[in-house]
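A.B. asks: Sequence plus the predicted model coming up.
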Amino acid sequence: MTKDRSKVFLFLDDDLHPIAELETPIVFDLDTKKLTDGEHVLKIVSQSPSGKEGIRKINFTVANGPSIRIEGLKNKDVVDGTLSLMINAYDKGNQKSFLINGSETPQTIPFWIWIIIILFVGWAVYYEITSSAIQ
């Protein structure tokens with residue numbers, strides 16, 4: 001180990017032992033598949049050859065598990081009665097092949113589409129009535 005290079009220590013969350021001790025510059029592959037889904041903190045402590053230290057914390061969220069989509073209930077909704085929920089969960093696969101089964105979440109037709117359909121039907125009925133009255 002040469003003395004003219006800075007070192008970095010990588011800590012994950014509140015762990016007291018570093019997951020890596022490296023000399024810079026370095027490319028480090030952090031395998032998030034070994035982490036639980038949710039919020040994490042990567043703390044990087046650098047140490048210069050003269051002994052000075054610097055600290056940087058990076059917050060990140062791991063989402064390796066299946067994606068969950070829900071329709072019919074949003075965060076902090078106030079509800080009563082019976083709720084009809086559409087729930088879908090699908091995995092991203094192995095990134096080398098595309099999973100077609102379950103990769104799309106079916107959704108209900110948005111209300112603005114219904115408004116456009118109603119306006120169009122209303123216009124068509126109005127047009128038919130006014131054009132037949134002329135003849």
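C.D. replies: Yep, that arrived. Numbering: from 1, shown residues only.
A.B. asks: Residue 12: what's it in contact with?
C.D. replies: For residue 12, the contacting residues are 19, 35, 40, 41, 42, 43, taking C-beta atoms under 8 Å, 6 or more residues apart in numbering as the criterion. For glycine as for every other residue, the C-beta is placed from the backbone atoms N, C-alpha and C.
A.B. asks: number of nearby residues for the fourth one?
C.D. replies: When you say that, I think you mean residue 41. 13 (other C-beta atoms under 10 Å).
A.B. asks: Residue 17 versus that one, what's the distance?
C.D. replies: As for residue 41, its distance to residue 17 is 15 Å (criterion: C-beta to C-beta, to the nearest Å).
A.B. asks: ditto for the last one
C.D. replies: In this structure, residue 43 lies at 12 Å from residue 17, with C-beta to C-beta as the measure.
A.B. asks: more neighbours, those two?
C.D. replies: Neighbours around residue 43 and residue 17, counted as other C-beta under 10 Å, are more numerous at residue 43. The numbers are 16 against 8.
A.B. asks: Can you spell out which helices and strands pack onto the host helix or strand of residue 112?
C.D. replies: Assessed by DSSP states H and E, residue 112 sits inside helix 111-134. Here helix 111-134 touches no other helix or strand, going by 3 or more C-beta pairs under 8 Å, 6 or more residues apart in numbering; DSSP states H and E.
A.B. asks: avg pLDDT for that helix?
C.D. replies: Computed over helix 111-134, the mean pLDDT rounds to 88.
A.B. asks: Pull that helix out as PDB, backbone CA atoms only.
C.D. replies: Coordinates of the C-alpha atoms in helix 111-134 are reproduced here as PDB (Å, rounded to 0.1, in the frame of the first residue of the first chain):
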ATOM      1  CA  PHE A 111     -62.800   9.900 -15.800                       C
ATOM      2  CA  TRP A 112     -61.700  12.400 -18.500                       C
ATOM      3  CA  ILE A 113     -62.000   9.700 -21.200                       C
ATOM      4  CA  TRP A 114     -65.600   9.200 -20.100                       C
ATOM      5  CA  ILE A 115     -66.200  12.900 -20.300                       C
ATOM      6  CA  ILE A 116     -64.900  13.100 -23.800                       C
ATOM      7  CA  ILE A 117     -67.000  10.100 -24.800                       C
ATOM      8  CA  ILE A 118     -70.100  11.700 -23.300                       C
ATOM      9  CA  LEU A 119     -69.400  15.000 -25.000                       C
ATOM     10  CA  PHE A 120     -68.800  13.300 -28.400                       C
ATOM     11  CA  VAL A 121     -72.100  11.300 -28.100                       C
ATOM     12  CA  GLY A 122     -74.000  14.400 -27.100                       C
ATOM     13  CA  TRP A 123     -72.600  16.300 -30.100                       C
ATOM     14  CA  ALA A 124     -73.400  13.400 -32.400                       C
ATOM     15  CA  VAL A 125     -77.000  13.300 -31.200                       C
ATOM     16  CA  TYR A 126     -77.300  17.100 -31.500                       C
ATOM     17  CA  TYR A 127     -75.800  17.000 -35.000                       C
ATOM     18  CA  GLU A 128     -78.200  14.200 -36.100                       C
ATOM     19  CA  ILE A 129     -81.300  16.000 -34.700                       C
ATOM     20  CA  THR A 130     -80.400  19.400 -36.300                       C
ATOM     21  CA  SER A 131     -79.400  17.900 -39.700                       C
ATOM     22  CA  SER A 132     -82.600  15.800 -39.900                       C
ATOM     23  CA  ALA A 133     -84.700  18.900 -39.100                       C
ATOM     24  CA  ILE A 134     -83.300  20.800 -42.100                       C
END
